[in-house]
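J.: just need the structure, nothing else, for what follows:
(one chain, ligands or ions: 2)
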Amino acid sequence: MPFMTSHSFPGRLIVVEGIDGSGKSTQIELLENYLRIKGFGVLRNAWNSSQEISPIIKKAKKKQLLTPYGFSLLHAADFSYRYTHEILPALNAGKIVLSDRYIYTAIARDAARGIPRDWLVNNFRFAIRPDLTFFFRMDPALAYDRITQVRDIKYYEAGLDMELSMNPRESYILFQSRVLEGYENLAKEHGFSVLDGAKPVEETQRVVRRLVNPLIQSLL
Ligand SMILES: Nc1ncnc2c1ncn2[C@@H]1O[C@H](COP(=O)(O)OP(=O)(O)O)[C@@H](O)[C@H]1O
Ligand SMILES: Cc1cn([C@H]2C[C@H](O)[C@@H](COP(=O)(O)OP(=O)(O)O)O2)c(=O)[nH]c1=O
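T.: Ligands and ions are numbered 1, 2, ... in the order given. Purely as a prediction, here's the structure:
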């Protein structure tokens, strides 16, 4: 069964992927502003953000109740809820959906926790192929330094549950290097638009807009 068929909705699905700290939120916010100013209908949609499921994930995090499988299924439930009730309706209405992370996050990140990749891919067989996927490639050490300039690193984003190292920086680099490997394989398989997350924000956003423009001309 072909994995992730392309879609025939009038809208466009644009995805940003990359490890924590690679610049996804920064770029997607700039792109959203750019598109809204040009008069496009835009829906920005983030990983782990549904009203229905993300509170459960938050509670489970606090108590560290679940295993990687448990969290992977909760994140998949959150995604399928948003996909059905937010993403598809927006695409059907001819909107541009900006997805801050997509199923690739689960495949790369949960596989880095030892979950079989085929099982993960199978959980998301229903999802359509995005029209454009940006992957902000980033050295984990640089990403760590960026994040910790503005906030503390999160327990799970550093992979501290994996007991790779007691040192948060070392753990982050080891865990996110595994996630990065997962992304590199997906980038080849799915033809991601790979950008250098270490480049200046404005330079990257210029490239992002240059790649998005041809995709949305017919929506004008
Ligand atoms: N190209 C860049 N150069 C320098 N700092 C950046 C760049 N892009 C983002 N940042 C900063 O790095 C931090 C993480 O960026 P963010 O967009 O939140 O990453 P992500 O959403 O991928 O976790 C933020 O403080 C942000 O301001
Ligand atoms: C909170 C938690 C997350 N995870 C997994 C789920 C996610 O794939 C990954 C990242 O967790 P986290 O960064 O907290 O989740 P999110 O960014 O989706 O809000 O860690 C566990 O395996 N066990 C846990 O207890």
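
J.: what sits against the most centrally placed residue in the chain?
T.: In the chain, the C-alpha closest to the average C-alpha coordinate belongs to residue 101, at a distance of 1.6 Å (CA atoms, centre = their mean). Applying CB atoms under 8 Å, 6 or more residues apart in numbering, we find residue 101 in contact with 15-17, 24, 46-47. Glycine gets a C-beta too; all of them are placed from N, C-alpha and C.

J.: backbone dihedrals for it, please?
T.: Taking degrees, to the nearest 10, you get phi 80, psi 150 for the backbone angles of residue 101.

J.: kindly state the pLDDT recorded for it?
T.: Residue 101 is assigned a predicted lDDT (pLDDT) of 98.

J.: and it, how close does it get to residue 219?
T.: Here the distance between residue 101 and residue 219 works out to 23 Å (CB to CB, to the nearest Å).

J.: grab the nearest non-local neighbour of residue 147.
T.: The spatially closest residue to residue 147, leaving aside those adjacent along the chain, is residue 21, at 4.3 Å (CB to CB, 6 or more residues apart in numbering).

J.: so which residues of this structure form helices?
T.: Remark: helices of the chain, listed N- to C-terminal, are 24-37, 54-63, 68-82, 88-92, 103-111, 117-123, 140-150, 168-190, 201-216; assignment by DSSP state H.

J.: turn those helices into CSV, columns for mean neighbour count and distance to residue 131.
T.: As requested, the helices of the chain are exported to CSV (neighbours: other CB atoms under 10 Å; distance: least, CB to CB, whole Å):
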stretch, mean neighbour count, distance to residue 131
helix 24-37, 17, 13
helix 54-63, 13, 26
helix 68-82, 19, 18
helix 88-92, 17, 10
helix 103-111, 25, 14
helix 117-123, 15, 20
helix 140-150, 16, 26
helix 168-190, 19, 12
helix 201-216, 14, 6
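
J.: among those, which comes closest to residue 162?
T.: For residue 162, the closest of the helices of the chain is helix 168-190, at 5.9 Å, according to CB to CB.

J.: worst-scoring helix or strand of the chain, pLDDT-wise?
T.: Taking mean pLDDT, DSSP states H and E as the measure, the helices and strands of the chain show their lowest mean at helix 54-63, namely a mean of 92.

J.: going by mean pLDDT, which of the helices of the chain comes out lowest?
T.: Confidence, taken as mean pLDDT, is least for helix 54-63 of the helices of the chain (a mean of 92).

J.: who touches that one?
T.: Outside helix 54-63, the residues within contact range by CB under 8 Å, 6+ apart are 48, 65-66, 70-71, 74-75, 78, 155-156.

J.: among those residues, which are within reach of ligand 2?
T.: Intersecting the contacts of helix 54-63 with the contacts of ligand 2 gives 48, 66, 71, 75, 156 (criterion: CB under 6 Å from any ligand atom).

J.: can you get me a residue count around the last one?
T.: To tie it back to what came earlier, the one meant is residue 156. Burial of residue 156 is recorded as 17 neighbouring residues (other CB atoms under 10 Å).
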